[in-house]
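Asker: Okay, structure incoming, though there's no sequence with it:
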């Protein structure tokens, strides 16, 4: 029984005990234990890198990607810090909550052409632990971007992933040199990094434009780390640069001049939906052609179109000291492309 009195905005409650019956024993269950496997987290492993443009919307700032995992399947994330040569100390980059599939090459990939699907060769990789898995993808899924991976600095895709036992896998049905990364095919071998590019697991950090040409450092701390895991990446500007020009052409003209031509590529409109020319993707079309003679002397020619005429007299003089090397880059809004190089 309860009595309530309110006086001067103060409430007073008076409780009076009432007689009750005896306690009734109710049936109950102690429950059961749902045991969880005690998985080892292990120390954090991280990879930091810049990717060539992978979306149809061109970036305005260089972008750093960070992939992280643990030495064991119990890894559950790590807090990330980043700093660059552009100035300032460590800044919070966020937390990697999902483990990326990270590993290394186990062998040397066979030579390949970026313009063809490689159905004859395979790439073997060793993942960070045997709890990691890879899957297959059909042509439609590959066209939508599935099974994209970074091998060294080359962007590849694979149609089939065959488990070889333990943490070893064999990748085949290869699409090599994706998004203009064919120059990175050279120099790959055992120990070259492998990172599956799963957007759900990757952490991205946009850097200041002044960071181009410098180095970005990443520090990661997880529950299994006695000391932070560290990684660094050169900020080359490839995430904001157009791909290198392709398809060089040389034609002799009457009088001995040479017509030099090439085809530009764009960091926008990779899907080529309208089957017309790719969009420029830059504020203006511009190229720099560098002529290097056999004696090391070099000069530049700035151009506004994908072509140049090499005068016969200049060609003869340049060739008098050996072969001539032409290097052509597209000047992007934020960074130049990698060069297209030919020798004449």
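Answerer: Sure, I can see it. The shown structure was predicted, so the numbers you read here are calculated from the model rather than taken from an experiment.

Asker: contacts and neighbour counts: CA atoms only from here.
Answerer: Fine.

Asker: Could you list the low-pLDDT ranges of the protein?
Answerer: 1-6, 8-9, 18-26, 34-38, 272-275 (pLDDT under 70).

Asker: Going along the chain, name the helices of it.
Answerer: 139-143, 312-319 (DSSP state H).

Asker: Now distance to residue 155 and mean neighbour count too, for those, in a markdown table please.
Answerer: As requested, these are arranged in a markdown table below (distance: least, Cα to Cα, whole Å; neighbours: other Cα atoms under 10 Å):
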| stretch | distance to residue 155 | mean neighbour count |
| --- | --- | --- |
| helix 139-143 | 13 | 12 |
| helix 312-319 | 38 | 14 |
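
Asker: can you put those in a markdown table and add distance to residue 44?
Answerer: Output for the helices of the chain, formatted as a markdown table (distance: least, Cα to Cα, whole Å):
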| stretch | distance to residue 44 |
| --- | --- |
| helix 139-143 | 30 |
| helix 312-319 | 55 |
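
Asker: between these, which gets nearest to residue 149?
Answerer: If you check each of the helices of the chain against residue 149 by Cα to Cα, helix 139-143 wins as the nearest, at 11.6 Å.

Asker: Excluding chain neighbours, what is closest to residue 146?
Answerer: residue 137 (6.7 Å; Cα to Cα, 6 or more residues apart in numbering).

Asker: Now do the same contact list for that neighbour.
Answerer: Going by Cα atoms under 8 Å, 6 or more residues apart in numbering, residue 137 touches 146, 147, 158, 159, 160.

Asker: By neighbours, which of the residues you listed wins?
Answerer: residue 158 (27 neighbours; other Cα atoms under 10 Å).

Asker: mind listing what it touches?
Answerer: The neighbours of residue 158, taking Cα under 8 Å, 6+ apart as the test, are 136, 137, 142, 147, 148, 171, 172, 173, 174, 175.

Asker: which one among the residues you listed gets closest to residue 89?
Answerer: Proximity of the contacts of residue 158 to residue 89 (Cα to Cα) peaks at residue 148, which lies at 32.6 Å.

Asker: TSV please, covering the contacts of residue 137 and showing distance to residue 280.
Answerer: Output for the contacts of residue 137, formatted as TSV (distance: Cα to Cα, whole Å):
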residue	distance to residue 280
146	26
147	28
158	29
159	31
160	34
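
Asker: Mind checking which of those are in strands?
Answerer: Counting by DSSP state E, the part of the contacts of residue 137 found in strands is 158, 159, 160.

Asker: Any idea what the closest residue to the first one other than its chain neighbours is bridged to?
Answerer: Spelled out, it's residue 158. Distance criterion Cα to Cα, 6+ apart; nearest residue to residue 158, sequence neighbours excluded, is residue 174 at 4.6 Å. Per DSSP bridges, the residues bridged to residue 174 are residue 118, residue 158.

Asker: Residue 174: neighbouring residues, count only.
Answerer: 21.

Asker: Check residue 336 too.
Answerer: Using other Cα under 10 Å as the criterion, residue 336 is surrounded by 21 other residues.

Asker: go on, residue 216?
Answerer: There are 22 residues near residue 216, going by other Cα under 10 Å.

Asker: which ones are touching it?
Answerer: 82, 83, 84, 85, 232, 233, 234, 235.

Asker: Out of those, flag the one nearest to residue 51.
Answerer: Once Cα to Cα is applied, the member of these that ends up nearest residue 51 is residue 235, at 10.0 Å.

Asker: Quick one: residues contacting the closest one.
Answerer: 50, 62, 64, 211, 212, 213, 214, 215, 216.

Asker: Out of these, which end up buried?
Answerer: 50, 62, 64, 211, 212, 216 (16 or more other Cα atoms under 10 Å).

Asker: wait, which of the residues you listed is closest to residue 293?
Answerer: residue 212 (29.3 Å).

Asker: shouldn't the closest one be in contact with residue 239?
Answerer: No - using Cα atoms under 8 Å, residue 212 is not in contact with residue 239, being 10.1 Å away.

Asker: anything in contact with each of these two?
Answerer: Common neighbours of residue 212 and residue 239 (Cα under 8 Å, 6+ apart) are residue 62.

Asker: Excluding chain neighbours, what is closest to the spatially most central residue of the chain?
Answerer: Central residue of the chain (Cα atoms, centre = their mean): residue 51, 3.8 Å from the mean position. Counting by Cα to Cα, 6+ apart, residue 51 lies nearest to residue 239, which is 5.4 Å off, once chain neighbours are set aside.
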